[in-house]
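Asker: missing the sequence, but the structure's below:
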């Protein structure tokens, strides 16, 4: 499998704080990779580095064969990296349609073509019935879907999902999982930060575990859940390691 | 293009718009009062200024408190070429717009790295610096200002008319052009990007928007339109000085016009200009002799409007509808 994303020795330091240190892993084309770790493990920092919101202190990030380590966020987005945010950054004073439109306008200035893309994306994300609503009036689940829709309208090759399931009910989570799987079937690779282990196990082909800014392990969901170190570090202590 | 301009409106709204335009065209013919002519011309000029600021402050969300700088530069760009080279304003006005766009490009690159209050304070400081420079430089005539009146020149070529109504009709057409350009742009990628930047810069970058570049572009367009307003004002008054054009007071008035009418809306600045200018001129004319009472009343009215209609006067019909609906539902529940 060809790698769509190659992260090598990714290190990010904020003053005296080492948020990420020596992280190395790949995301294959068409793969869903889950990123897990306790709070403060450096998951969002890693996302910010991949999406260009931060620049790495050391290491490199190669996306689709291109070194994007020093590139800015908008340049990386234009190369095909879409992202959502931990706290939804919906454009509250714009309608749902307009929120998605700004994504669709990335590759075309033709409003008609962009509008077609918006319609398609709204239907994909089950937001067509809310298209004229102001984004600020949506509930949390809808805002999260809107973020995905905005990112999907840019036709990404890789989608970074930052805690998409946080704050959702069980039904909403199921819908979100279905949406992620549907997007993946469309050929989009996905790197997702997730706290909900059930979801991680359901959607991920592989799981990356971060602890205190460092890579603990990369493996299949089964390998990760049976690893005593992961259980100890992330799941709150397992019998083997605690003893 | 017609669809872009008028496609958003119902037939009723278009009919109201047409009636308002007809009223605006007839008004100067119904009066012989110089006060009224002056008021109408100022409304048109301030509408243009408000629309200019609105591109930057309203659509892009970058609140500049220093647009009096471009207002003053616009005036100097018609005044000084006329004084030194006898240049027609038909050439000088577009030159002024280009000049201000270039100035905005040069200062915008570093200044637009600042955000929120820092940006607002920085633009204010820049405008003050420019005012001091204009006051102290010889070639700008310093504090004496620029007298643009030329005897015996071709009135059309040099835009120097005896009848103020000619200014009004000419400026009104220019205002409609600026309005049409704003309306068309509001449906284009450029303005959608500006609104995205206003909403959230991180989200904007995540959909491939080069935030810095678009902010600079918005600043350039905004500066060019405000420069146009400055040129038109100077051309109408045929005299200006830095103290009347480049003060903080003027910058605040420009902001107020857009904010009061409806920030980030296409028509808001026109409504704001009508209300602000009417309030300002009528209170001055009726209460000006009572030692600043006009300013007190003007200030109070502005506070009341901004306090109760934070979204601007354009939101008034929606607020009234909301109130009526609430009242009707309360009455329904009581029955």
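Answerer: Happy to help now that I have it. Predicted model only: the values in this text are computed from it and were never measured. Residues are numbered from 1 along each chain as shown, chains lettered A, B, ... in the order given.
Asker: so where's chain B shaky on pLDDT?
Answerer: Scanning chain B for pLDDT under 70 picks out nothing.
Asker: quick check: residue B:160 is in a helix.
Answerer: No: with DSSP: H, G, I helix; E, B strand; the rest coil as the criterion, residue B:160 is assigned coil and is not in a helix.
Asker: do I have it right that it meets residue B:237?
Answerer: No: counting by CB atoms under 8 Å, residue B:160 does not reach residue B:237; the two are 11.1 Å apart. C-beta coordinates here come from the backbone N, C-alpha and C atoms, glycine included.
Asker: the two: which is more packed in?
Answerer: In this view residue B:160 and residue B:237 are compared by other CB atoms under 10 Å in any protein chain shown, and residue B:160 has more residues nearby, 21 against 17.
Asker: so what's that one up against?
Answerer: Going by CB atoms under 8 Å, 6 or more residues apart in numbering or on different chains, residue B:160 touches B:148, B:149, B:150, B:153, B:235, B:238.
Asker: same check on residue B:319?
Answerer: residue B:309.
Asker: which stretch of helix or strand covers it?
Answerer: helix B:316-334 (DSSP states H and E).
Asker: what's the first helix or strand after the host helix or strand of residue B:219?
Answerer: Assessed by DSSP H and E, residue B:219 sits inside helix B:211-237. With elements assigned by DSSP H and E, the helix or strand that comes after helix B:211-237 is strand B:239-240.
Asker: chain center to that next one: distance?
Answerer: 19 Å (CA atoms, centre = their mean, to the nearest Å).
Asker: next: stretch B:110-126.
Answerer: In terms of CA atoms, centre = their mean, the centre of stretch B:110-126 is set 20 Å apart from its chain centre.
Asker: and the one residue in the stretch 51-200 of chain B that gets nearest to chain A, how many neighbours does it have?
Answerer: Nearest residue of the stretch 51-200 of chain B to chain A, counting by CB to the nearest CB: residue B:199, 3.4 Å away. Close neighbours of residue B:199, defined as other CB under 10 Å, add up to 21.
Asker: next, it: phi, psi?
Answerer: In terms of degrees, to the nearest 10, the main-chain angles of residue B:199 are phi -70, psi -50.
Asker: cool, residue A:72 as well?
Answerer: phi -80, psi 160.
Asker: dump the residue contacts of it.
Answerer: Residues near residue A:72 by CB under 8 Å, 6+ apart: A:52, B:205, B:210.
Asker: before we move on, what about residue A:144?
Answerer: By CB under 8 Å, 6+ apart, the neighbours of residue A:144 are A:84, A:88, A:164, A:168, A:176.
Asker: surely residue B:159 is in contact with residue B:233?
Answerer: No: using CB under 8 Å, residue B:159 makes no contact with residue B:233, being 11.9 Å away.
Asker: chain A: strands as residue ranges?
Answerer: For chain A, the strands defined by DSSP state E cover A:3-14, A:17-28, A:32-36, A:58-63, A:66-67, A:81-83, A:158-162, A:189-193, A:206-211, A:214-219.
Asker: cool, the stretch 101-250 of chain B as well?
Answerer: For the stretch 101-250 of chain B, the strands defined by DSSP state E, counting those that start in this stretch occupy B:146-147, B:239-240.
Asker: closest to residue A:140 out of those strands?
Answerer: Of all those, strand B:239-240 sits nearest to residue A:140, with 54.5 Å by CB to CB.
Asker: now the strands of the stretch 101-250 of chain B in CSV, with distance to residue B:126 and mean neighbour count?
Answerer: CSV is the format used below for these (distance: least, CB to CB, whole Å; neighbours: other CB atoms under 10 Å in any protein chain shown):
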stretch, distance to residue B:126, mean neighbour count
strand B:146-147, 21, 17
strand B:239-240, 20, 20
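Asker: residues of chain A that sit close to chain B?
Answerer: A:51-53, A:72-74, A:77-78, A:82-83, A:85, A:89-94, A:98, A:101-103, A:105-106, A:109, A:111, A:150-151, A:153-154 (CB under 8 Å from any CB of the partner chain).
Asker: can you tell me which of those are buried?
Answerer: Buried by 16 or more other CB atoms under 10 Å in any protein chain shown: A:51-53, A:72-74, A:77-78, A:82-83, A:85, A:89-91, A:94, A:98, A:101-103, A:105-106, A:111, A:150-151, A:153-154, out of those.
Asker: tell me which of those fall in helices.
Answerer: Among these, DSSP state H puts A:51, A:73, A:74, A:77, A:78, A:98, A:101, A:102, A:103, A:111, A:150, A:151 in helices.
Asker: tell me the two of those residues that are most distant?
Answerer: The distance between the two most remote of those (CB to CB) is 26.8 Å, for A:51 and A:111.
Asker: could you give the angle of the top helix by length along chain A to strand A:158-162?
Answerer: Longest helix in chain A by number of residues, with DSSP H as the criterion: helix A:170-185. Counting by axes from the mean of the first three to the mean of the last three CA atoms, to 10 degrees, helix A:170-185 lies at 160 degrees to strand A:158-162.
Asker: ok, back up a step: quick check: the residue of the stretch 51-200 of chain B closest to chain A touching residue A:92?
Answerer: Yes: using CB under 8 Å, residue B:199 is in contact with residue A:92, at 6.8 Å.
Asker: could you tell me which residues make contact with residue A:164?
Answerer: Counting by CB under 8 Å, 6+ apart, residue A:164 touches A:84, A:144, A:148, A:176, A:180, A:192, A:194.
Asker: same list (those residues) but as JSON lines, adding distance to residue B:329.
Answerer: What follows is the contacts of residue A:164, written out as JSON lines (distance: CB to CB, whole Å):
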{"residue": "A:84", "distance to residue B:329": "38"}
{"residue": "A:144", "distance to residue B:329": "32"}
{"residue": "A:148", "distance to residue B:329": "36"}
{"residue": "A:176", "distance to residue B:329": "36"}
{"residue": "A:180", "distance to residue B:329": "42"}
{"residue": "A:192", "distance to residue B:329": "44"}
{"residue": "A:194", "distance to residue B:329": "44"}
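Asker: greatest separation within those residues: which pair is it?
Answerer: Using CB to CB, those span at most 13.8 Å, a distance reached by A:148 and A:194.
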